[in-house]
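>>> need the 3D shape of this:
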Amino acid sequence: PIFLTQLLTIAWLMGALVLALRYASFSGRVSAELPAAAQNRLVLLGALAGAIVIIVAAGLPNSLPSPQRLLGYLGFALIQQFLLQRVLLRALLDSFSQSFAILLAALMFALWHSPNITLMLACFVSAIYATALHIRGVDWLRLALLHALLGTLLVMCFPTSALKNAEVGSRHFTLDGSVR
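Numbers count the residues shown, from 1 in each chain. Below is the predicted model:
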């Protein structure tokens, strides 16, 4: 299963990169906005592709988190997407080309989720897709919903040992530099 997970992660990453290259402009200017129907289709396509990758890699969902936990995570996804799209990506676009800004924003977003390697990989891939869509005009609220859906599915499907309950932060590092 670990080989299949790695293979599917690479496939998802390649698909995200293709979409990023397809929808980002390399002139340094923001690309033309997509019509609302196209935005919805791309967000749903991302949700479907992500859900398929997660379920095939990790198995069928175990149990749905409580409604309070789902609402709490949705709020957290809103904050994360606002910071990623409206703050970080905008700042990077002022200094770098769109393609480099997308990759740098995705890398920084993944690092926010350290030291959880599985979560970092998922965040890197999904941030490439989300930032490329945001540059094309998909609003950050739709992307926050996509984030919440895929994050919840990730936690539901992956075993605790692989995902460590999606916990992140400095409390996982020790003074000697190792990771708990």
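
>>> count the neighbours of Ala148 for me.
Counted with other C-beta atoms under 10 Å, residues neighbouring Ala148 total 20. (Each C-beta comes from the backbone N, C-alpha and C, glycine too.)

>>> now it, nearest residue through space, not along the chain?
Ala77 (4.0 Å; C-beta to C-beta, 6 or more residues apart in numbering).

>>> what's the answer for Gly50, then?
Computed as C-beta to C-beta, 6+ apart, the closest residue to Gly50 that is not its neighbour in sequence is Leu150, at 4.4 Å.

>>> what mean pLDDT does the one helix or strand Gln80 maps to have?
Assessed by DSSP states H and E, Gln80 sits inside helix 67-81. The average pLDDT within helix 67-81 is 88.

>>> give me the helices and strands touching that helix, please.
Contacts defined by 3 or more C-beta pairs under 8 Å, 6 or more residues apart in numbering; DSSP states H and E place helix 67-81 against helix 140-157.

>>> what comes up buried for the helix it packs on?
Within helix 140-157, the residues scored as buried using 16 or more other C-beta atoms under 10 Å are 140, 142-157.

>>> now swap in stretch 106-125 and tell me
Using 16+ other C-beta under 10 Å as the test for burial, stretch 106-125 gives 106, 108-110, 112-116, 118-125.

>>> take those and keep only those in helices.
Among the buried residues of stretch 106-125, the members found in helices (DSSP state H) are 106, 108-110, 118-125.

>>> for this structure, give me the ranges with low pLDDT.
Scanning the chain for pLDDT under 70 picks out the ranges 1-40, 54-64, 164-180.

>>> if we go to 90?
1-74, 112-122, 125-126, 129, 132-180 (pLDDT under 90).

>>> which parts of it are strands?
With DSSP state E, there are no strands along the chain.

>>> for Val155, see how far away the residue nearest to Leu163 when sequence neighbours are not counted is.
Once flanking residues are discounted, Leu163 sits nearest to Thr118: 5.3 Å by C-beta to C-beta, 6+ apart. According to C-beta to C-beta, to the nearest Å, Thr118 stands 11 Å off from Val155.
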